[in-house]
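>>> Coordinates for the following, if possible.
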Amino acid sequence: MIPARYSASRFPGKLMKDLGGKSVILRTYEAAINTDLFQDVFVVTDSDIIFKNISDSGGKVLMSKKSHECGSDRIAEAVENMDVDIVVNVQGDEPFIDAISLSKLIDVFKNDFKKEIDLASLKVQITNKEDIENTNNVKVITDVNNLAIYFSRSVIPFHRDKEIKVKYYKHKGVYAFRKQALLDFYNTPITPLEASEKIEAIRYQEIGKKIKMVETNVETVGIDTPEDLEKAKKYLDLK
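Sure, this is the predicted structure:
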């Protein structure tokens, strides 16, 4: 499922911006299809423009019936009456997501024989000071079992003792959910820390869900700003 909202506070209409002759959202949809990992792939949107772009290109697209603040809510509405076990959320502004990282997420549930994990998501190490301090980059810290402790736009962890080496990880906006975890999120109002940080992953934590973080060394270009779009165009030219 690829949630696709036309309006965006930092970069309105970004999913319909041109990226090498196709829209950003169409590139993302095709990238998800080309992984060959899924039984089905849908774009879920509130936008007539996005709906037409995907349907005119022969893609599968669903129109949201309700107004939603985040991608998880939009996907939950779409899958509520579907017969599915695991749902993967690929962000519409991540047109270069790779099959290796997605397969790692799916493997979490294949190996979770006791069904203790509610969600799985991706993290990538970042070392550039500008990236670490950028509030558009959501950082994540985990426990020794790679279960998420907290997500923040602030720099976490705080590096007080400079003699100790610290690794920083950026949360990549790709999730795999058990359907029930997704529906529990959908049926819970926005939570206090989620409201403060504007990070939907925090709501799952606030209602007690376990999030397994999977490290990937593949760092592609997500599109949050016009500058990111220019980076994406250059990245596409190199592929």
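>>> Without its sequence neighbours, what residue ends up closest to the residue most central in space within the chain?
Centroid-nearest residue in the chain: residue 173, 2.2 Å away (criterion: CA atoms, centre = their mean). Closest residue to residue 173 apart from its sequence neighbours, by CB to CB, 6 or more residues apart in numbering: residue 91 at 3.9 Å. In this view, the C-beta of every residue, glycine as well, is placed from N, C-alpha and C.
>>> Would you agree that neighbour is in contact with residue 70?
No - judged on CB atoms under 8 Å, residue 91 makes no contact with residue 70 at a distance of 10.9 Å.
>>> Now for the two: what residues contact both?
Counting by CB atoms under 8 Å, 6 or more residues apart in numbering, the common neighbours of residue 91 and residue 70 are residue 3.
>>> Contacts only, for residue 155.
Each residue near residue 155 by CB under 8 Å, 6+ apart is listed here: 132-133, 139, 168.
>>> Just give me the closest of the residues you listed to residue 209.
For the contacts of residue 155, the residue nearest residue 209 by CB to CB is residue 139; the value is 19.2 Å.
>>> re the thing from before, tabulate the contacts of residue 155 (CSV), appending distance to residue 206, secondary structure and pLDDT.
Putting the contacts of residue 155 into CSV (distance: CB to CB, whole Å; DSSP: H, G, I helix; E, B strand; the rest coil; pLDDT from 0 to 100) gives the following:
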residue, distance to residue 206, secondary structure, pLDDT
132, 25, helix, 97
133, 25, helix, 96
139, 18, strand, 98
168, 23, strand, 98
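>>> Next, the residue nearest to residue 173: phi, psi?
The phi/psi pair for residue 91 (degrees, to the nearest 10) reads phi -70, psi 140.
>>> now swap in residue 79 and tell me
phi -100, psi 0.
>>> and this structure, what are its domains?
1-92, 98-219 (automatic domain parsing).
>>> closest to residue 234 out of the ones you listed?
Using CB to CB, the domains of the chain put domain 1-92 closest to residue 234, at 10.6 Å.
>>> And the strands in this structure?
With DSSP state E as the criterion, the chain has strands at 2-4, 18-19, 22-23, 43-45, 61-63, 86-90, 119-126, 139-142, 148-152, 168-178, 211-215.
>>> For residue 191, see how far away the closest residue in space to residue 1 that isn't next to it in sequence is.
In space, residue 1 comes closest to residue 75 once its chain neighbours are excluded; the distance is 4.4 Å by CB to CB, 6+ apart. Noted for residue 75: a distance of 18 Å to residue 191, by CB to CB, to the nearest Å.
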